[in-house]
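Engineer: everything below, folded, please.
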Amino acid sequence: MLVIAATTPGFNRIRFEGNRHISSRTLSPVAMVKTKVLVSESELNRGATELARFYHEQGFLDAEATWRKDSTTKTKTLVFLVHEGERARIRTVEVTGNRTYPGSDLVYLIDVRRNDFLILPELNAARTRLLDFYRNQGFYFARCTLLTVREPGAPSGGAAVAPIQVDLEFRVTEGPVCYFRHLQVRGNRQIRRTLIRRYTGIRHGARFSQNQLVTAQHRLYGSRLFERVYLTVMPADSADTLTAHILQRKTDSLDVRVDVSELSPRSVGFGVGLQLPPWRGLLSAEWEHLNVAGEGHDFRIAGDYSPVAGREFLHDYLADIDLTYRIPYVTRWAINFATHPYGKWTAQKQLRQLELGAETGMSHDFSSTVTASLLNRLHRVVRYDTVVAPVSAITNLLGASLTWDTRNDLFNTASGFYLAPTLEFAGGILGGSNSFYRARLETRLFRRLFFGHILALRAIGGYVLPYGHSNYVPEYEEFYLGGTNSVRGYNEKSIGPVIDPADSSRYGDVMLNTNVELRSPFLLLHNSVAKGLGAVIFQDGGLVRSRTDVSIWNRYQLAVGAGIRLNTVIGPIRLDYGRRLTDPPKGDWGKIHFAILNLF
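Structural biologist: Below is the predicted model of the structure:
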């Protein structure tokens with residue numbers, strides 16, 4: 001059988017008529033018809049149907065759409081005719097079937113208000129919020145049905161019609177409160193089941209929570225031991241058992257099956273790079289074991305060597321070594337312990353400095369967004385230079401921090417908020433050569449804008465104050481600004497009132513740093529390494545001053561610039577050009593900055 005479909009030559013132009021409330025730009029992708037492309041009449045009819053369906057979802061319950069060819073113009077024009085009709089509004093909102101929680105609280109939770117327009121995608125999102133709430137409270141079998149009752153508009157003089165009103169009912173079926181019973185693990189070969197159970201944090205007899213499953217998956221991926229992780233919830237009576245037939249009801253016990261695909265726990269990495277400005281080479285190497293002794297302990301050793309580019313590379317260089325040993329999710333409270341011994345040697349024209357120390361701390365995730373940490377840092381500095389007398393000092397510091405992080409992605413953030421206050425004190429009862437208090441606050445905000453662009457904001461403030469036998473804070477515990485990771489367009493550590501005579505860096509007791517970026521969406525690249533190409537424009541600002549300086553804003557340094565972003569498998573790589581606006585020196589044409597990962 002041969003079927004021949006009627007086709008229409010491609011149109012040079014597509015026009016929408018009758019669309020008073022929704023723009024033609026919004027309707028164009030809905031109709032799914034392109035110019036200069038051969039199209040059949042059935043495709044045009046489908047486009048009109050999709051337009052009507054879209055209008056219905058936006059609350060225009062009586063909307064209709066048709067199409068015609070415009071023969072009044074010389075160009076081939078397709079016209080979609082839209083009859084919108086009246087837009088429905090919500091008259092009442094009610095939650096029924098709720099036995100455990102008050103209806104007023106649930107109505108507030110779904111965030112649907114009287115007199116709002118009837119927009120079906122938003123109502124479905126409200127229904128999902130209600131279901132998520134119940135399932136996070138243990139009601140795994142909860143169901144929610146959205147019912148709408150239309151009150152037709154009545155004539156109100158002449159041909160005018162009163163607005164259409166709709167009564168909403170969210171009908172809930174709660175079901176029993178459910179509890180975790182067994183945790184099954186499949187697919188593991190090297191990683192022990194007990195370790196996987198510890199990472200998930202799911203305990204026998206605990207009340208079911210959908211968020212607990214999400215957290216468990218994030219923890220397993222965060223261990224970097226697994227390529228894929230799937231969690232499946234299975235009611236305990238899902239099997240064809242005699243007990244299930246006798247009880248004739250849904251059980252309150254749930255089993256969770258974890259299917260994993262493992263990665264190698266050992267890795268070796270090498271790196272070669274170039275830092276500018278100033279011009280320096282960079283050689284790095286690291287070795288890491290993510291499952292020491294089969295207990296999930298993470299051991300990492302890394303080293304860097306950065307010589308100056310030039311004849312003095314044997315006498316002007318930086319070298320450091322870092323060791324990290326981390327024990328995740330120990331004790332029933334899922335505490336993370338970590339220790340980080342380190343050493344750094346700096347050899348420059350007028351400076352020889354050795355730094356040795358160790359950072360030891362613990363942290364706890366109160367939720368998927370809130371983390372608290374305690375840290376002790378023991379830091380010794382031995383410094384020799386040709387300008388001032390040799391220095392040998394010890395800092396013994398105790399710090400506490402709280403992090404609230406709702407970012408949707410750590411590498412390429414599109415939405416979310418980040419807040420991290422930190423308080424530290426050194427010396428006093430802890431001993432050591434230096435005694436001071438230090439406070440730091442960092443906040444970040446990300447918002448989606450037009451056409452996929454992202455507005456990214458960051459602000460950091462800090463203050464350090466000596467006390468006791470210390471009359472000042474040593475320069476290596478002060479605040480620095482300027483350069484690739486703070487205020488682009490400036491040299492590294494070039495903002496501040498006090499100059500270190502050994503390397504001409506500047507520092508101070510009070511710091512404020514702001515960054516504003518407008519990031520474009522990534523253009524997709526069909527490449528196994530580079531996944532996308534994007535652009536950014538930015539404005540950076542900052543100041544570093546002493547505690548006694550009361551003039552703040554007249555010392556604020558500003559810079560602007562632009563850059564490109566290459567999204568790769570290891571994260572975004574950035575190349576930025578920044579130029580200072582505040583008192584640029586003669587002959588300053590700006591600075592180029594290259595780094596891996598976004599500034600924030």
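Engineer: worst-scoring helix or strand of this protein, pLDDT-wise?
Structural biologist: helix 242-247 (a mean of 45; mean pLDDT, DSSP states H and E).
Engineer: mind checking how far residue 522 is from residue 150?
Structural biologist: 44 Å (Cβ to Cβ, to the nearest Å). Bear in mind the C-beta positions are built from the backbone N, C-alpha and C, glycine included.
Engineer: higher neighbour count, these two?
Structural biologist: residue 522 (18 against 13; other Cβ atoms under 10 Å).
Engineer: okay, that one: pLDDT?
Structural biologist: We note a pLDDT of 87 for residue 522 in this prediction.
Engineer: measure it to residue 180 for me?
Structural biologist: 40 Å.
Engineer: for residue 595, same thing?
Structural biologist: For residue 595 relative to residue 180 (Cβ to Cβ), the value is 44 Å.
Engineer: residue 44: which element?
Structural biologist: If you go by DSSP states H and E, residue 44 is part of helix 41-57.
Engineer: in that helix, which residues are buried?
Structural biologist: Using 16 or more other Cβ atoms under 10 Å as the test for burial, helix 41-57 gives 43, 44, 47, 48, 50, 51, 52, 54, 55, 57.
Engineer: pretty sure residue 587 sits in a helix.
Structural biologist: No: looking at residue 587 with DSSP: H, G, I helix; E, B strand; the rest coil, it is coil, so not inside a helix.
Engineer: okay, and the nearest residue to residue 498 once chain neighbours are set aside sits in which element?
Structural biologist: Closest residue in space to residue 498, ignoring its immediate chain neighbours: residue 507 at 5.5 Å, by Cβ to Cβ, 6 or more residues apart in numbering. In this assignment (DSSP H and E), residue 507 forms part of strand 506-507.
Engineer: so what strands line up beside the helix or strand following that strand?
Structural biologist: Downstream of strand 506-507, the next assigned helix or strand under DSSP H and E is strand 510-519. Strand pairing for strand 510-519, determined by DSSP bridges: strand 454-466 (antiparallel), strand 530-545 (antiparallel).
Engineer: just how off-centre is the longest one within its chain?
Structural biologist: Right, the one you point to is strand 530-545. 17 Å (Cα atoms, centre = their mean, to the nearest Å).
Engineer: next one: stretch 193-211
Structural biologist: 25 Å.
Engineer: stretch 474-492 too?
Structural biologist: 25 Å.
Engineer: related to what we said a few turns ago, neighbour count winner among residue 595 and residue 180?
Structural biologist: Neighbours were counted for residue 595 and for residue 180 using other Cβ under 10 Å; residue 180 has more, 22 against 17.
Engineer: residues contacting that one?
Structural biologist: 202, 203, 204, 205, 206, 207, 208, 253, 254, 255, 256 (Cβ atoms under 8 Å, 6 or more residues apart in numbering).
Engineer: switch the cut-off to 7 Å
Structural biologist: Taking Cβ atoms under 7 Å, 6 or more residues apart in numbering, we find residue 180 in contact with 202, 203, 204, 205, 206, 208, 254, 256.
Engineer: okay, now the domains of the protein?
Structural biologist: Here the domain parsing of the chain from automatic domain parsing is 7-83, 89-173, 179-262, 380-392+406-596.
Engineer: would you turn the ones you listed into a markdown table with distance to residue 306?
Structural biologist: Formatted as a markdown table, the domains of the chain follow (distance: least, Cβ to Cβ, whole Å):
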| stretch | distance to residue 306 |
| --- | --- |
| domain 7-83 | 51 |
| domain 89-173 | 49 |
| domain 179-262 | 27 |
| domain 380-392+406-596 | 13 |
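Engineer: assign residue 135 to helix, strand or coil.
Structural biologist: Residue 135 carries the three-state label helix when classified by three-state DSSP.
Engineer: count residues in the vicinity of it, would you?
Structural biologist: With other Cβ under 10 Å as criterion, residue 135 counts 19.
Engineer: please apply the same query to the one 4 residues further on.
Structural biologist: The burial metric for residue 139, expressed as a neighbour count using other Cβ under 10 Å, is 22.
Engineer: for residue 16, same thing?
Structural biologist: With other Cβ under 10 Å as criterion, residue 16 counts 20.
Engineer: which phi and psi does it have?
Structural biologist: Backbone torsions for residue 16, taken as degrees, to the nearest 10, come to phi -110, psi 140.
Engineer: okay, the residue nearest to residue 498 and residue 474: tell me how far apart.
Structural biologist: Distance from residue 507 to residue 474, by Cβ to Cβ: 10 Å.
Engineer: the more surrounded of those two?
Structural biologist: Between residue 507 and residue 474, counted using other Cβ under 10 Å, the more crowded position is residue 507 (23 against 17).
Engineer: could you list which residues are in contact with the more buried one?
Structural biologist: 475, 478, 479, 480, 496, 498, 500, 544.
Engineer: doesn't residue 481 make contact with the last one?
Structural biologist: Yes: taking contacts as Cβ atoms under 7 Å, residue 544 lies within contact range of residue 481: 5.1 Å.
Engineer: any common contacting residues for those two?
Structural biologist: 495, 496, 511.
Engineer: for residue 107, see how far away the second one is.
Structural biologist: In other words, residue 496. Distance of residue 496 to residue 107, given as Cβ to Cβ: 55 Å.
Engineer: of the two, which one has the most company?
Structural biologist: residue 496 (27 against 20).
Engineer: so who does that one touch?
Structural biologist: 480, 481, 506, 507, 508, 544.
Engineer: which among these gets closest to residue 487?
Structural biologist: residue 481 (5.6 Å; Cβ to Cβ).
Engineer: wait, that closest one touches residue 491, no?
Structural biologist: No: taking contacts as Cβ under 7 Å, residue 481 lies outside contact range of residue 491: 10.7 Å.
Engineer: between these two, which one's more packed in?
Structural biologist: Neighbour tally, residue 481 and residue 491, criterion other Cβ under 10 Å: the higher count belongs to residue 481, 27 against 16.
Engineer: what pLDDT is listed against the more buried one?
Structural biologist: With respect to pLDDT, residue 481 scores 95.
Engineer: got it, and residue 96?
Structural biologist: Value listed for residue 96 in the pLDDT field: 95.
Engineer: just checking, it touches residue 171?
Structural biologist: Yes: taking Cβ under 7 Å as the definition, residue 96 is a contact partner of residue 171 at 5.2 Å.
Engineer: quick one: end-to-end length of stretch 398-417, please.
Structural biologist: 27 Å (Cα to Cα, to the nearest Å).
Engineer: with stretch 213-231 instead?
Structural biologist: By Cα to Cα, the extent of stretch 213-231 from end to end equals 7 Å.
Engineer: show me which residues of it are buried.
Structural biologist: In stretch 213-231, the ones that count as buried by 16+ other Cβ under 10 Å are 213, 215, 216, 217, 219, 220, 223, 225, 226, 229, 231.
Engineer: what's next to it, contact-wise?
Structural biologist: So stretch 213-231 is contacted by 191, 199-202, 256, 258-263, 265, 290-291, 296, 368 (Cβ under 7 Å, 6+ apart).
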